[in-house]
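Q: sequence-free structure coming up:
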């Protein structure tokens, strides 16, 4: 079944590409199962996925998520039965608080503040991210490159197919334009991950205004050519997933 996701196509994802975040937005008819994972998330994973959620729903924030490292951690509040974590990355701050009980509900506060841009997002996580309130004031947002489209596909896969997270670490890319000589009216770009990562992403699109990008992203190993297979399209900031298979 197609899942239609609104996406700001900008390269900024911390956990996917060189420590940056990418943003994408999904319609409210996304099912809860898309955000659920059979494995309990760490505080760092909740923090990172909360950032992805903010970028997903408020695409102007994507360009602000350029910092590559987090500082901070557990805070000693002196309170029994409750834990508090505070983390900072550039002008971003994330606070996570939860009761020390089985399957807790995590309260999350994400904020960003400069002279020109402010973000305040409050929500919870209990297998699904739920927004409580938000206030977003972003001056500008933009998207322009094939690399951003490539990285957006990886953001989508990681953010909404949690089982792929272990394969998203420290991805660096090679490749670029692979359009056959003499072919007019269409462009093809192919990117291959370097090092020990086995990602390959291919983009195809007609040379027209507001072109639809056809994207194929695969992760393979020497023994499994179809480990992860994702297909979708990108048009005017909208991602439509058309196929997905996870076969470890």
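A: Noted; the coordinates are in hand. Here the structure is a predicted model, which is why all the values come from computation and not from measurement.
Q: only C-alpha atoms for contact and neighbour calcs from this point on.
A: Will do.
Q: what pLDDT does the most centrally placed residue in the chain get?
A: For the chain, the residue sitting closest to the mean C-alpha position, by Cα atoms, centre = their mean, is residue 155 at 3.3 Å. Model confidence at residue 155, given as pLDDT, is 72.
Q: Shouldn't it be within a helix?
A: Yes - according to DSSP: H, G, I helix; E, B strand; the rest coil, residue 155 belongs to a helix.
Q: Look up how far residue 134 lies from the residue nearest to residue 89 when sequence neighbours are not counted.
A: Spatial nearest neighbour of residue 89, chain neighbours left out: residue 70 (4.7 Å); criterion: Cα to Cα, 6 or more residues apart in numbering. In this view, residue 70 and residue 134 are 22 Å apart by Cα to Cα, to the nearest Å.
Q: ditto for residue 206
A: For residue 206, the distance to residue 134 under the criterion Cα to Cα works out to 38 Å.
Q: Check the model's average confidence along stretch 103-119 for me.
A: Mean per-residue pLDDT for stretch 103-119: 95.
Q: List of residues touching that stretch?
A: If you take Cα atoms under 8 Å, 6 or more residues apart in numbering as the criterion, stretch 103-119 is touched by 50-51, 61, 91-99, 120-126, 134-139.
Q: Flag every buried residue along that stretch.
A: By neighbour count, and taking 16 or more other Cα atoms under 10 Å as the criterion, the buried residues in stretch 103-119 are 105-112, 118-119.
Q: Residue 246 and residue 219: what is the separation?
A: When distances are taken as Cα to Cα, residue 246 and residue 219 turn out to be 9 Å apart.
Q: quick one: which of the two has more around it?
A: Per other Cα atoms under 10 Å, whichever of residue 246 and residue 219 has more neighbours is residue 219, with 23 against 14.
Q: Just the mean pLDDT for the helix or strand in which residue 85 is found, thanks.
A: Taking DSSP states H and E as the criterion, residue 85 maps to strand 82-89. On average, the pLDDT along strand 82-89 is 95.
Q: Pull the distance from the helix or strand following that strand to the chain's centre.
A: Downstream of strand 82-89, the next assigned helix or strand under DSSP H and E is strand 92-99. Average the C-alpha atoms of strand 92-99, do the same for its chain, and the two points are 19 Å apart (Cα atoms, centre = their mean, to the nearest Å).
Q: give me the beta-bridge partners of residue 92?
A: residue 89, residue 112 (DSSP bridges).
Q: tell me the contacts of it?
A: Taking Cα under 8 Å, 6+ apart as the criterion, residue 92 is in contact with 110-113.
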